[in-house]
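Peer 1: Task: produce atomic coordinates for the following.
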Amino acid sequence: MELALEAAMNASTTIAERVQRLRDEVAEVARSANRNPSEIAIVAVSKLQPREFVFEAFAAGIRAFGENHVQEAVPKFAGLPHSAERHFIGHVQTNKAKAMVAEFDLVQSIDRLDAGLALAKAARARGAATRVLLQLNISSTERYGLQPEQAPEIAERLRAEGLEVDGTMAIGPHTGDRTTIREAFLRAAEAHQRVGGQILSLGMSADWPIAVECGSTLIRVGTAIFGPRPNKGGTPA
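Peer 2: Predicted structure coming up:
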């Protein structure tokens, strides 16, 4: 019932209104956790959303956008001002490494060594620095990601290959149990300290407040900004 109500509310408000509401909520949660709201960035996840929604979000002040698929991101992000950051947040396919290096400012989802090595090779060939995050697996329901204890060694290896490993990312458990989510996020935050870097990317539309309380510096939000996600047939999911 709560999700249905939220979807109805999202459908009746504009993207600019949702962005402002989200910013206000982030600020409130941050202050309650004795954090500075300016420490927490928002990435608008535009998967399956129309291109015009991305530009509306940019006009509302969002400056980072995330996509799961290269082929969807390229036409959708075309024409965005240079001040907009483009983040890849989906599963890394090594045969798309060249396109990722060319199209994205940050690849958040390095979930295994060979994915990182493929991006490092593509970055060297392009002669450009490439920023990445290591994806940590902190949930039994998640298919992808490095075990937290593996992450520092992988980070060291990829930095030696020339990648800018700027932190970590993780997807929280698919559960409504706040204690389980908090424990998983704290595990990610501890691993992040050992990996190093400026970015701890934790939290999505359903669990970002817990992520902020656990130290996240970047939240990945889709429906709270864009409303219900359309299915591939074009109707809201």
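Peer 1: show me where the chain has strands.
Peer 2: For the chain, the strands defined by DSSP state E occupy 41-45, 64-67, 85-88, 106-110, 131-136, 164-170, 199-201, 218-221.
Peer 1: Mind giving me the packing neighbours of the fifth one?
Peer 2: Put plainly, it is strand 131-136. strand 106-110, helix 113-126, helix 151-160, strand 164-170, helix 178-195 (3 or more CB pairs under 8 Å, 6 or more residues apart in numbering; DSSP states H and E). Quick note: C-beta positions are derived from backbone N, CA and C, even for glycine.
Peer 1: Just send the ones you listed back as CSV, with distance to Ile138 and mean pLDDT too.
Peer 2: Output for the helices and strands packed on strand 131-136, formatted as CSV (distance: least, CB to CB, whole Å; pLDDT from 0 to 100):
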stretch, distance to Ile138, mean pLDDT
strand 106-110, 14, 98
helix 113-126, 18, 97
helix 151-160, 11, 97
strand 164-170, 5, 98
helix 178-195, 4, 97
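Peer 1: Could you export these as a markdown table, including distance to Val70 and mean neighbour count?
Peer 2: As requested, these are arranged in a markdown table below (distance: least, CB to CB, whole Å; neighbours: other CB atoms under 10 Å):
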| stretch | distance to Val70 | mean neighbour count |
| --- | --- | --- |
| strand 106-110 | 10 | 26 |
| helix 113-126 | 12 | 19 |
| helix 151-160 | 20 | 17 |
| strand 164-170 | 18 | 23 |
| helix 178-195 | 25 | 18 |
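Peer 1: Mind checking these for the one nearest to Val43?
Peer 2: Closest to Val43 of the helices and strands packed on strand 131-136, according to CB to CB: strand 106-110, at 8.3 Å.
Peer 1: Off-centre distance for the closest one?
Peer 2: Its chain's average C-alpha position is 8 Å from that of strand 106-110, according to CA atoms, centre = their mean, to the nearest Å.
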